[in-house]
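In: need a structure here:
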Amino acid sequence: MSPLQFETTPRIVCHAGGVKQLGQWACKLGVTHVLLVTDAGLHENGLTATVLAALDSVAVKVSVFAEVQADPPETCVQQAVEMARSVGANGVVGFGGGSSLDTAKLVALMACTPQALESIYGVGLARGPRFPLIQMPTTAGTGSEVTAVSVITTPSHEKKTVVSPLLLPDLALLDAELTIGLPPSITAMTGVDAMVHAIEAYTTRLKKNPLSDTLAIKALQTLYTHLPTAVGDGQNFEAREQMLFGSLLAGMAFANASVGAVHALAYPLGGHYHLPHGLSNSLVLPHVLRFNLPAAQTLYAAMGRAILPELATADDPHAAAAFVQAVADRVASMPYAQTLNQAGIRQDDLPMLTQEAMKVQRLLDHNPRALGYDDVLAIYQAAF
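Out: This is a model prediction of the structure:
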């Protein structure tokens, strides 16, 4: 076996009702004043009440930053950092979807060790230490609770990343009860996002390894199986818990193996049109899979056999094609826009989106099949 390096969150707790244990974990980490990083919707609808109660029960002081925006802009991160410093917080809890978790990572770092955000975009440029960090996802999709990456939107609508082991939290606390209230559309978008993580981790050209492969396959099996139930019956706790677990596994896989062209093409859709990240991924996913099929046939066949028992004895060409069709059918059954046009994208913008996607070479380089400008444009046109 070739040498490999694998990094993930050092402590992961999956427990129904686990939010009630938050205060105990904060105390174990030596935190006396938490900055809770979340979004206005969760806070105003009272979903942060259990978090606040858990911290209050052990006399941990809490200040709330509830201004996180989707595709968090630099200003959002800076405002949260300033609040953490001004209130004297010495620990951070991220509570919400990927935007809240990504923001919390940078707040824990930059409030403890001041550094300009623009100076740490890239890999390994951040400096520590950071404040203790606990991540609590309320969606089953991003896997941000086990990734060393934070994605931020610049003033020019470009998505940039900070990549550093410092961003891995001390604790990922997963409580599926927190996901019960998710609407079907959000459940669907985040679930497909997690499936993309598993698929791209398994097919990445440069960094895949036996450990990430194992996690990606298990994640895909779990997510593909339970997504329809989670979308159709949001009160089904078993489906919700399995989706959260599948998202976790997919996050661990892609954090170490990377993602590819689906994400590269999705980023401009989020940066310029502010589409939810899961929707952006979903809109281009079937078309990227079809483009990649000639180069990824063996890998797609393996994933097909993993999720479709009837393919157990099928040859690679048949199993790979069946896999692509099965994923496309699953996406088509989800309750949201199915084309770029339906999502409000202007056809005249496709060349601009193509130019922006071509800038994301750090992900395109990992794709199993090389893409040029004309290839990317053709995928957007097929998705339109």
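
In: Contact partners for the residue nearest to residue 181 when sequence neighbours are not counted?
Out: Among residues not flanking residue 181 along the chain, residue 47 sits closest, at 7.2 Å (CB to CB, 6 or more residues apart in numbering). The way it works is simple: take the backbone N, C-alpha and C, and place the C-beta from them, glycine included. Listed by CB atoms under 8 Å, 6 or more residues apart in numbering, the contact set of residue 47 reads 138, 178, 181.

In: What strand or helix carries residue 169?
Out: Per DSSP states H and E: residue 169 is located in neither a helix nor a strand.

In: And the one 4 residues further on, by the same measure?
Out: With elements taken from DSSP H and E, the one containing residue 173 is strand 171-174.

In: For that strand, report the contacting residues that lie outside it.
Out: So strand 171-174 is contacted by 9-15, 18-19, 21-22, 25, 29, 133-137, 145-146, 244-245, 248 (CB under 8 Å, 6+ apart).

In: Could you list which of those belong to strands?
Out: Members of the contacts of strand 171-174 lying in strands (criterion: DSSP state E): 12, 13, 14, 133, 134, 135, 136, 137.

In: tell me which of those residues is nearest to residue 102?
Out: Distances from residue 102 to the ones in strands among the contacts of strand 171-174, taken as CB to CB, are shortest for residue 135 (9.8 Å).

In: count of neighbours near that closest one?
Out: Look at residue 135: counted by other CB atoms under 10 Å, it has 29 neighbours.

In: With adjacent residues omitted, what lies nearest to the residue positioned nearest the centre of the chain?
Out: Nearest residue to the geometric centre of the chain (CA atoms, centre = their mean): residue 142, 2.0 Å. Among residues not flanking residue 142 along the chain, residue 98 sits closest, at 3.1 Å (CB to CB, 6+ apart).

In: Can you read off the pLDDT for the one you found?
Out: Reported pLDDT at residue 98 in the predicted model: 93.

In: what's around it, how many residues?
Out: 27.

In: so what's residue 302 up against?
Out: By CB under 8 Å, 6+ apart, the contact list for residue 302 reads 202, 217, 319.

In: cool, residue 229 as well?
Out: Counting by CB under 8 Å, 6+ apart, residue 229 has contacts 236, 239.

In: How about the one 5 residues further on?
Out: Applying CB under 8 Å, 6+ apart, we find residue 234 in contact with 180, 181, 182, 183, 184, 187, 240.

In: try residue 360
Out: Residue 360 touches 159, 263, 264, 267, counting by CB under 8 Å, 6+ apart.

In: same check, this time on residue 277
Out: Counting by CB under 8 Å, 6+ apart, residue 277 touches 70, 71, 98, 142, 189, 193, 266, 270.

In: and which of the residues you listed is nearest to residue 118?
Out: For the contacts of residue 277, the nearest to residue 118 is residue 71 (16.9 Å; CB to CB).

In: Please read off the pLDDT at that closest one from the model.
Out: According to the prediction, residue 71 has pLDDT 87.

In: Could you pull out the helices in the stretch 1-150 of the chain for me?
Out: Listed in chain order, the helices found in the stretch 1-150 of the chain under DSSP state H, counting those that start in this stretch are 22-28, 40-44, 49-56, 74-87, 98-110.

In: on contacts alone, who are the packing partners of the longest one?
Out: Contacts of helix 74-87 with other secondary structure elements, assessed using 3 or more CB pairs under 8 Å, 6 or more residues apart in numbering; DSSP states H and E, are made with strand 33-37, strand 61-65, helix 98-110, strand 149-153.

In: For it, list every residue counted as buried.
Out: Buried positions in helix 74-87, judged by neighbour count with 16 or more other CB atoms under 10 Å: 74, 76, 77, 79, 80, 81, 83, 84, 87.

In: Please name the residues that touch the fourth one.
Out: Translated: residue 79. 65, 67.

In: one step back: can you tell me which of the buried residues of helix 74-87 is nearest residue 374?
Out: residue 74 (32.7 Å).

In: pretty sure the closest one is touching residue 156, no?
Out: No - using CB atoms under 8 Å, residue 74 is not in contact with residue 156, being 10.5 Å away.

In: what's the burial count for residue 374?
Out: If you count neighbours by other CB under 10 Å, residue 374 ends up with 9.

In: so who does it touch?
Out: Residue 374 makes no contacts at all, as judged by CB under 8 Å, 6+ apart.

In: now residue 250
Out: Listed by CB under 8 Å, 6+ apart, the contact set of residue 250 reads 143, 194, 195, 197, 198, 201, 215, 216, 219, 220, 223.

In: ok, 7 Å please
Out: Residues in contact with residue 250 (CB atoms under 7 Å, 6 or more residues apart in numbering) are 143, 194, 197, 198, 201, 216, 219, 223.

In: and what of residue 365?
Out: With contact set as CB under 7 Å, 6+ apart, residue 365 has these partners: residue 206.

In: pLDDT wise, what is it at?
Out: 97.

In: Next one: it from residue 258, what distance?
Out: Counting by CB to CB, to the nearest Å, the gap from residue 365 to residue 258 is 9 Å.
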